[in-house]
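**Student:** got a structure for you, letters missing:
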């Protein structure tokens, strides 16, 4: 079974802090994705990566950056957290163009 | 840009009732279509998918979906729901032209009363 793990289930940070969200997959998938999930808005793509050291902006990249130094690991970085970044963050991986496998999510609260 | 619309945000029904969730997408080219489900406290998981072939697709747990190309629709159905079908359901679309990115609908929360 594909396993996608995320470093934290719940995280509370203060405004202005730098925040790192880690995601690891164990299926040697080329593609990895970061989404945020908000009620009524579904999942919105923040960034994705098709290969190591490669990144592409999704639909809502502002205020975020990513890092993919190894194939299995994809990190999401909030350079200076703000309250409007309070959300559920989901990581996913896939072998394009097939289904994406999702991690359990990190619920981030920025106060 | 492709977009996905789910018509209902919340659906409440009783056990044994039939369920149909609407999904429409905007992109006119070749698409792959998905329904994902998120049970309370669990990961998002794939319910069913359509890539090509028979437009009536059967998924897990008795769910099915019908792709109607002329209507840009991919509606999800289940003839008789159970309490355990309480979840949030997401329709999603990707296409080669959009770089194989998945675009999700806003989700439909389904509550099945016992």
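**Tutor:** Received it, and whenever you're ready, just let me know what you need. Worth saying up front: this structure is predicted, and the values here are computed from it rather than measured. Residues are numbered from 1 along each chain as shown, chains lettered A, B, ... in the order given.
**Student:** Please make it C-alpha for all contacts and neighbour counts, starting now.
**Tutor:** OK.
**Student:** List the residues that contact residue 25.
**Tutor:** Just so you know, I chose chain A. A:2, A:3, A:4, A:5, A:72, A:73, A:93 (C-alpha atoms under 8 Å, 6 or more residues apart in numbering or on different chains).
**Student:** wrong chain, I was asking about chain B
**Tutor:** Counting by C-alpha under 8 Å, 6+ apart, residue B:25 makes contact with B:2, B:3, B:4, B:5, B:72, B:73, B:93.
**Student:** 7 Å instead, please
**Tutor:** Residues near residue B:25 by C-alpha atoms under 7 Å, 6 or more residues apart in numbering or on different chains: B:3, B:4, B:5, B:72, B:73.
**Student:** now do residue A:81
**Tutor:** By C-alpha under 7 Å, 6+ apart, the contact list for residue A:81 reads A:15, A:16, A:17, A:18, A:19, A:110.
**Student:** and of the residues you listed, the nearest to chain B?
**Tutor:** Distances from chain B to the contacts of residue A:81, taken as C-alpha to the nearest C-alpha, are shortest for residue A:110 (21.1 Å).
**Student:** Which members of the contacts of residue B:25 occur in strands, if any?
**Tutor:** In this view, the contacts of residue B:25 that belong to strands under DSSP state E are B:4, B:5, B:73.
**Student:** hmm, back to that, tabulate the contacts of residue A:25 (a markdown table), appending distance to residue B:28.
**Tutor:** As requested, those are arranged in a markdown table below (distance: C-alpha to C-alpha, whole Å):
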| residue | distance to residue B:28 |
| --- | --- |
| A:2 | 32 |
| A:3 | 34 |
| A:4 | 32 |
| A:5 | 35 |
| A:72 | 34 |
| A:73 | 34 |
| A:93 | 26 |
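**Student:** how far away is the residue most central in space within chain A from chain B?
**Tutor:** For chain A, residue A:34 is the residue whose C-alpha lies nearest the centre (C-alpha atoms, centre = their mean; 3.0 Å). Per C-alpha to the nearest C-alpha, to the nearest Å, residue A:34 is found 11 Å from chain B.
**Student:** before we move on, which element is that residue in?
**Tutor:** Assigned by DSSP states H and E, residue A:34 falls within strand A:31-38.
**Student:** go on, residue A:62?
**Tutor:** Per DSSP H and E, there is no helix or strand for residue A:62.
**Student:** Quick check, pLDDT for it.
**Tutor:** Reading off the confidence values, residue A:62 has pLDDT 96.
**Student:** residues near the closest residue to chain B within chain A, how many?
**Tutor:** With C-alpha to the nearest C-alpha, the shortest gap between chain A and chain B falls at residue A:42, namely 3.7 Å. Around residue A:42 there are 23 other residues, counting by other C-alpha atoms under 10 Å in any protein chain shown.
**Student:** contacting residues for it?
**Tutor:** By C-alpha under 7 Å, 6+ apart, the residues touching residue A:42 are B:104, B:105, B:106, B:107.
**Student:** Relative to residue B:70, how far out is it?
**Tutor:** 25 Å (C-alpha to C-alpha, to the nearest Å).
**Student:** again with residue B:43
**Tutor:** Distance, residue B:43 to residue B:70, using C-alpha to C-alpha: 33 Å.
**Student:** looking at it, residue A:33 is touching residue A:51, isn't it?
**Tutor:** No. Taking contacts as C-alpha atoms under 7 Å, residue A:33 lies outside contact range of residue A:51: 11.2 Å.
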